[in-house]
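>>> structure, please.
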Amino acid sequence: MIEALYQVIEKVGYTHPIHPPLTHMPGGLAVGALILGLLAALFRRYAFAVSARHCLAIALVFVFPTIFFGYTDWVHYYDGIWTFPIKIKFALSGALVVLLIAGIYLNYREGSSMKTILTVYFLTVLAVAGLGYYGGSLVFGSEKPASTGDLQAGERLYTAHCGTCHPQGGNILTPALPVKDSTYMKTFNAFLDFNRKPHMPDGSKGLMPAIPPEKVSDAEMKQIYDYIRHSIEGR
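Residues are numbered from 1 along each chain as shown. You can find the predicted model right below:
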């Protein structure tokens, strides 16, 4: 079903993830609610408080399709791999839903203090910021660009640990699943997670043995990853 969705939108010319554009709605509205809430408290204007409540209500409407398409993008582009940023994003998404509901509830409940409401607004914005940060980490990573020295080190590590089964980025054991242009090469986190816990596309155990951090550290895995991306996939 998910793959069919992406095939349809690709046919009409849209070839990008669906989730990122939608994030602007709940994110922007959460920030708007905080600003309006602060203005309501500062100038004691009830109209600002009402507008802040409306922002939260609209954000709550948009947060569900945003989360849904975040899930479909994750399955389609990352094969549902449980990387650390994904785990955090799932947790923060749940927290965001709870905070939006809490903010709306407090606005309607008699006796709610403005201080409590603003605290919820602030936490909502923090959740949005966290989602954006880990979303960026998932797509762009947090490492600096590879240097020539890193690529040379990556080549030596690749030859020592990967080259026997994956010459030139191929796969002599399962030719249909080469390293070059693999789904697991889309991000370093996906690459690292796969090498620590190798598996077939259907989730079953494959022939490749796991590479523990005692054998190849995370930093060395990053050098291997950069070497594949810059020197093998570019051929």
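>>> and the host helix or strand of Tyr227, what's its mean pLDDT?
In this assignment (DSSP states H and E), Tyr227 forms part of helix 218-227. Helix 218-227 shows a mean pLDDT of 91 in the predicted model.
>>> do the same with stretch 10-29
The average pLDDT within stretch 10-29 is 91.
>>> what's the answer for stretch 172-180, then?
Averaged over stretch 172-180, pLDDT sits at 87.
>>> please point out which parts of it sit buried.
Pro178, Val179, Lys180 (16 or more other CB atoms under 10 Å). Heads up, the C-betas are built off the backbone N, CA and C, glycines and all.
>>> could you dump those residues into a markdown table with secondary structure and distance to Ile88 added?
Listed next are the buried residues of stretch 172-180 as a markdown table, based on DSSP: H, G, I helix; E, B strand; the rest coil; distance: CB to CB, whole Å:
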| residue | secondary structure | distance to Ile88 |
| --- | --- | --- |
| Pro178 | coil | 31 |
| Val179 | coil | 27 |
| Lys180 | coil | 30 |
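>>> with distance to Phe84 as extra columns, can I get those residues in a markdown table?
Output for the buried residues of stretch 172-180, formatted as a markdown table (distance: CB to CB, whole Å):
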| residue | distance to Phe84 |
| --- | --- |
| Pro178 | 26 |
| Val179 | 22 |
| Lys180 | 25 |
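>>> of those, closest to Lys89?
Closest approach between the buried residues of stretch 172-180 and Lys89, by CB to CB: Val179, at 26.6 Å.
>>> show me the contacts for the closest one.
Residues in contact with Val179, defined by CB atoms under 8 Å, 6 or more residues apart in numbering, are Cys162, His166, Gly169, Gly170, Asn171, Met185, Ile228, Ile232.
>>> quick one: it and Ile211, what's the gap?
According to CB to CB, to the nearest Å, Val179 stands 13 Å off from Ile211.
>>> again, but for Pro175
As for Pro175, its distance to Ile211 is 21 Å (criterion: CB to CB).
>>> one more: Ser204?
From Ser204 over to Ile211 the distance is 19 Å, taken as CB to CB.
>>> ok, these two, which is more surrounded?
Taking other CB atoms under 10 Å, Ser204 and Ile211 do not tie; Ile211 has more neighbours (19 against 7).
>>> now do the contacts for that one.
Ile211 neighbours (CB under 8 Å, 6+ apart): His161, Asn195, Arg196, Met221.
>>> any idea which residue sits dead centre in the chain?
Closest residue to the average C-alpha location of the chain: Gly135 at 3.8 Å, with CA atoms, centre = their mean.
>>> so how far is the helix or strand containing that residue from its chain's centroid?
Secondary structure from DSSP H and E places Gly135 in helix 114-140. Taking CA atoms, centre = their mean, to the nearest Å, one finds the center of helix 114-140 at 14 Å from the center of the full chain.
>>> all good on my end, thank you.
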